[in-house]
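Undergrad: this one's structure only:
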């Protein structure tokens, strides 16, 4: 079993749609959780941290369920510029080790 | 303020050669981590350095080594290159060594012929 698993993609949605990404992780001792986005052939960029109480940043909402070891990202009113690969990221056992899922590609169409 | 900077941007090597990749963290960041990303996968952790000491190592062979300098910049060395080492090598920096967000450089795209 992979340490971090994400929905297989790609997701193809029209502009204005709401899209949800799901992620599960295997290490119950993980302490920190993030969503990164990565544009084609670019570096990953931090989208948001994920907190147990859930958190929102504009059109983006992240949720964490520690009991189920499940993380989600909801994008409302999707824009063409949201097209990218979304990476679910979990902290590992070693200090600053981040464990990345394989990513889910999103394509927003006009 | 400058972000994480990596050099070179692209590199072409042949099997058996050695390569050194360089990274400068964001000013004030003391931790540098290295990741390898092959096409279609998420980045894989190679090393973390904090205050010039290795704090974590991923599941990579001993051909991979790294170090951090007093100014917190870092080098990743790979010896005896294999075709499978072709990947995007990413450097990330953070303030400390703990579980906090890391900020990535543009990466070095390494191709092995």
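TA: Arrived safely, thanks for sending. Quick caveat, the model's predicted, so the values are computed rather than measured.
Undergrad: what parts of chain B come near chain A?
TA: Counting by C-beta under 8 Å from any C-beta of the partner chain, chain B comes close to chain A at B:31, B:33, B:35, B:40-45, B:48, B:50, B:55-58, B:90, B:92, B:94, B:96-107. To be clear about C-beta, it is placed using only N, CA and C from the backbone, and glycine gets the same treatment.
Undergrad: pull out the buried residues from the residues you listed.
TA: Neighbour-count burial (16 or more other C-beta atoms under 10 Å in any protein chain shown) applied to the residues of chain B next to chain A gives B:31, B:33, B:35, B:42-45, B:48, B:50, B:55-56, B:58, B:90, B:92, B:94, B:97, B:99, B:102-107.
Undergrad: which residues of chain A lie near chain B?
TA: Near chain B, the residues belonging to chain A are A:4, A:31-32, A:34, A:42-46, A:49, A:87, A:89, A:91-92, A:94-103 when assessed by C-beta under 8 Å from any C-beta.
Undergrad: residue closest to the middle of chain B?
TA: Nearest to the geometric centre of chain B sits residue B:34, at 3.2 Å (C-alpha atoms, centre = their mean).
Undergrad: so which of the residues of chain A next to chain B sit within strands?
TA: Using DSSP state E, the subset of those located in strands is A:4, A:34, A:44, A:45, A:46, A:49, A:87, A:89, A:91, A:98, A:99, A:100.
Undergrad: quick check, nearest of those to residue B:26?
TA: When those are ranked by distance to residue B:26 (C-beta to C-beta), residue A:46 comes first, at 12.3 Å.
Undergrad: ok, now which ones touch the closest one?
TA: Taking C-beta atoms under 8 Å, 6 or more residues apart in numbering or on different chains as the definition of contact, the neighbours of residue A:46 are A:34, A:36, B:101, B:102, B:103.
Undergrad: what's near enough to touch the closest residue to residue A:12 other than its chain neighbours?
TA: In this structure, residue A:12 finds its nearest non-sequential neighbour in residue A:107, 4.9 Å apart by C-beta to C-beta, 6 or more residues apart in numbering or on different chains. Shown in contact with residue A:107 (C-beta under 8 Å, 6+ apart): A:10, A:11, A:12, A:13, A:83.
Undergrad: report the buried members of the residues of chain A next to chain B.
TA: Those of those that meet the buried threshold are A:4, A:32, A:34, A:43-44, A:46, A:49, A:87, A:89, A:91-92, A:95-103, by 16+ other C-beta under 10 Å.
Undergrad: and the residue nearest to residue A:12, how far is that from residue B:106?
TA: Per C-beta to C-beta, to the nearest Å, residue A:107 is found 23 Å from residue B:106.
Undergrad: again with residue A:43
TA: In this structure, residue A:43 and residue B:106 are separated by 5 Å, where distance is defined by C-beta to C-beta.
Undergrad: burial measure for residue A:57, as a count.
TA: If you count neighbours by other C-beta atoms under 10 Å in any protein chain shown, residue A:57 ends up with 11.
Undergrad: phi, psi of residue B:83?
TA: Its backbone dihedrals place residue B:83 at phi -60, psi -40, with angles given as degrees, to the nearest 10.
Undergrad: just give me the neighbour total for it.
TA: Residue B:83 - counted by other C-beta under 10 Å - has 10 other residues nearby.
Undergrad: contacting residues for the nearest residue to it once chain neighbours are set aside?
TA: The shortest distance from residue B:83 to any residue that is not its chain neighbour, by C-beta to C-beta, 6+ apart, is 5.2 Å, and that residue is residue B:112. By C-beta under 8 Å, 6+ apart, residue B:112 lies in contact with B:12, B:13, B:14, B:15, B:81, B:82, B:83, B:84, B:85, B:86.
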